[in-house]
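Visitor: Based on what follows, work out the 3D shape:
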Amino acid sequence: MADSKEQYEVTKTEAEWKEILTPEQFQVLRKHGTERAGTSPLDKNYEDGIYTCAGCGQPLFKAETKFNSGTGWPSFYAPIEGAVATSTDRSLFMVRTEVHCSRCGGHLGHVFPDGPKPTGQRYCMNGVALEFQPAGKEVKE
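Guide: Next up, the predicted model:
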């Protein structure tokens with residue numbers, strides 16, 4: 001996992017992001033929002049495939065690393081190598097580790113040290129920040 005960086009391969013103005021993202025995606029990916037628990041259909045999706053960034057299309061998580069955390073958000077025990085970066089989030093009167101796309105900087109969610117083996121990590125992601133590409137379909141980037 002890389003630390004947060006200020007320069008990303010994919011950069012856009014706020015207006016450009018608003019053109020390509022839904023209002024919900026913009027709120028989460030660009031404004032660090034959180035979708036309501038239990039609202040994403042991706043939470044209960046267990047098909048084979050790849051989860052990509054809804055902002056730039058970068059592959060983030062393989063379906064085989066997804067598990068049911070019971071939190072109401074899609075959860076994974078490991079990202080694809082190099083796909084995400086992290087930073088310290090001190091909002092809400094607590095310290096958490098924020099997870100964002102390493103390619104565009106979009107806010108994805110947070111990672112917690114209470115996940116299953118083999119990593120012990122729980123990447124708790126906002127479903128609206130992700131798109132699912134079923135196995136056998138070309139991943140769009």
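Visitor: Show the contacting residues for Gln27.
Guide: Gly33 (CB atoms under 8 Å, 6 or more residues apart in numbering). C-beta coordinates here come from the backbone N, C-alpha and C atoms, glycine included.
Visitor: Quick check, Lys137 in contact with Gly49.
Guide: Yes - if you go by CB atoms under 8 Å, Lys137 and Gly49 touch, sitting 7.3 Å apart.
Visitor: more neighbours, the two?
Guide: Gly49 (20 against 10; other CB atoms under 10 Å).
Visitor: who's in contact with that one?
Guide: Going by CB under 8 Å, 6+ apart, Gly49 touches 63, 132-135, 137.
Visitor: hmm, what's the outermost residue in this structure?
Guide: Within the chain, Phe93 marks the point farthest from the mean C-alpha position, 22.3 Å out by CA atoms, centre = their mean.
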